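1. Provide a 3D model corresponding to the input given below.
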Amino acid sequence: MPKEFSLGRNERLKSRKLIEQLFAEGKHFILAPYRVYYLVKTKESKAASSFNMKFGIGVSGKNFKKAVERNKIKRLTREAYRLQKKELSALVRVNKKQLNIFFIYTAKDLPRFNIVMEKVKLILNKLAKLIDENNSSDS
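-> Here you go, the predicted structure:
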């Protein structure tokens, strides 16, 4: 059983095949400073994955030349996501869906953690609304 506030290995979006599928078939929206790509699928079987949500983050090397800065933005975003994903995860699990999410940081300056927390919360709320709408239209 996964811990309540963890972001384990199986919850990270690392597969090149899944990432390519997400960018090709998924939808996206922009909530500054992030561009969010997401793909909602119906879950085929329990054997496929015990995790209903997979998450990834990318930061442009063009905007941030130093890897230290890119890594800091990724760490802040992962931490904000990890602390706030519980409600969305429960919603996805109840609706028997698989959700792949990829954030791309698009701003040109380093963010503060409280701003990242606020933006990630808004993004997760928007994704929850989209999943609810998707689920109600399927019924």
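2. three-state assignment of Phe29?
-> strand (DSSP: H, G, I helix; E, B strand; the rest coil).
3. Just say helix, strand or coil for the residue nearest the centre of the chain.
-> Residue closest to the mean C-alpha point of the chain, counted by CA atoms, centre = their mean, is Ile101 at 3.4 Å. Following three-state DSSP, Ile101 is assigned to strand.
4. From the contact counts, what lies against the lengthiest helix in the chain?
-> Secondary structure of the chain per DSSP state H: the longest helix is helix 113-138. Under the contact definition 3 or more CB pairs under 8 Å, 6 or more residues apart in numbering; DSSP states H and E, helix 113-138 sits against strand 27-31, strand 34-42, helix 67-84, helix 86-94, strand 97-105. For every residue, glycine as well, the C-beta is placed using N, CA and C.
5. mind saving the C-alpha coords of the last one as CSV?
-> Output of strand 97-105 as CSV, limited to C-alpha atoms (Å, rounded to 0.1, in the frame of the first residue of the first chain):
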residue,chain,number,x,y,z
LYS,A,97,-9.2,6.0,-14.7
GLN,A,98,-5.5,6.3,-15.5
LEU,A,99,-4.1,9.8,-15.5
ASN,A,100,-0.7,10.8,-16.9
ILE,A,101,0.3,14.4,-16.2
PHE,A,102,3.4,16.4,-17.4
PHE,A,103,4.2,19.9,-16.2
ILE,A,104,6.5,22.2,-18.3
TYR,A,105,7.8,25.2,-16.5
